[in-house]
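Okay, predicted coordinates and the sequence, questions at the end:
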Amino acid sequence: MSAPMVAILDDEPEIRQMLSDALQDAGFRTAGFGRATEFEAALRKTAPDVCLVDLGLPDRDGLTLVHRLALESGAAIIIISGRAQVQDRVTGLELGADDYIIKPFELAEVVARVRARVRVGKAAKPGQSNTASFAGWTAHFDRYVLEDATGAETGFSHAEGEVLRLFLEAPKRLISRAHMQESLGGAAGESFDRAMDVRISRLRTKLGEDPKNPKLIKTIYGAGYIFLGDVTWR
């Protein structure tokens, strides 16, 4: 089995090389890109496991690119940016990023976060079912698509799929924030909690849930979440 592939999109050659060297030393394959156009062209031929994306790109708005990747790619997305404002981090997570690392960063931290995302991604592939039915919906994890009873399809991001699979594999059981953090990786704290809130809100919207009274994904305040649907895997 080939080593996981990490695509690095940053317009600073020194940062690309530094990240590439550290990730290759850790056993990953890498491909570096200085412009979004080169990166998008490469994605039509290869499918990386993780994308490291800088928001300050010379030829494309980084957040727009992240949103497109979240909708169209199965890769995990980690933003690496000098934008340290809370709103920038929140926006990145809302648009579908899996994680957000602020420059300047420690190389060991980047490697650890990439490794965590690859570990989570692998857990959903070999030896597991990729299709689950529940409450009139079918989730196709191989295509990142939700299909309703009429056959209409709605895409979901890699990040949303991680959370949805966690719920569907443990229906009618309380899932605490601590368990989510342990299962999905990433640093515990306010950023992780916010990321989970965003992903769950987006899943509820795609499932047609009433945000004030959701029927499938219930919040148990102070404890976590519980998925109330009956689930069949195939």
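The structure has been received and is ready for your questions.

alpha carbons only for contacts and neighbour counts from here, please
Noted.

quick one: contacts for the residue nearest to the spatial centre of the chain?
Central residue of the chain (C-alpha atoms, centre = their mean): Ala159, 2.6 Å from the mean position. Ala159 makes contacts with 70, 76, 96-98, 199, as judged by C-alpha atoms under 8 Å, 6 or more residues apart in numbering.

Please report the distance of the residue of the chain positioned farthest from its centre from Gly208.
Distance from the C-alpha centroid of the chain peaks at Thr150, with 27.3 Å (C-alpha atoms, centre = their mean). Distance, Thr150 to Gly208, by C-alpha to C-alpha, to the nearest Å: 14 Å.

With Gln17 instead?
Using C-alpha to C-alpha, we find Gln17 at a distance of 44 Å from Gly208.

and stretch 135-146, how far from the chain's centre?
The chain centre lies 16 Å from the centre of stretch 135-146; the measure is C-alpha atoms, centre = their mean, to the nearest Å.

Do me a favour and get the end-to-end distance for it?
Terminal-residue distance, stretch 135-146 (C-alpha to C-alpha): 12 Å.

So what touches it?
74, 130-133, 147-149, 153-158, 161, 229-231.

Can you tell me which of those are classed as buried?
Among the contacts of stretch 135-146, those scoring as buried are 74, 130-133, 147-148, 153, 155-158, 161, 229, 231 (criterion: 16 or more other C-alpha atoms under 10 Å).

Could you single out the nearest of those residues to Gln87?
For the buried ones among the contacts of stretch 135-146, the closest approach to Gln87 (C-alpha to C-alpha) belongs to Ser157, at 20.5 Å.

can you pull the contacts of that closest one?
Ser157 makes contacts with 70-74, 96, 144, as judged by C-alpha under 8 Å, 6+ apart.

Make a PyMOL selection of the buried ones in the residues you listed.
Only the buried entries of those go into this PyMOL selection, using 16+ other C-alpha under 10 Å:
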select buried, resi 70+71+73+74+96+144
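
what's the most distant pair in the contacts of Ser157?
Using C-alpha to C-alpha, the contacts of Ser157 span at most 12.9 Å, a distance reached by Gly96 and Tyr144.

Find the residues that touch each one of those two.
157-158.

Leaving out sequence neighbours, find the closest residue to Ala97.
Ile77 (5.0 Å; C-alpha to C-alpha, 6 or more residues apart in numbering).

Remind me which helix or strand that neighbour belongs to.
Counting by DSSP states H and E, the element that carries Ile77 is strand 76-81.

All set, thanks.
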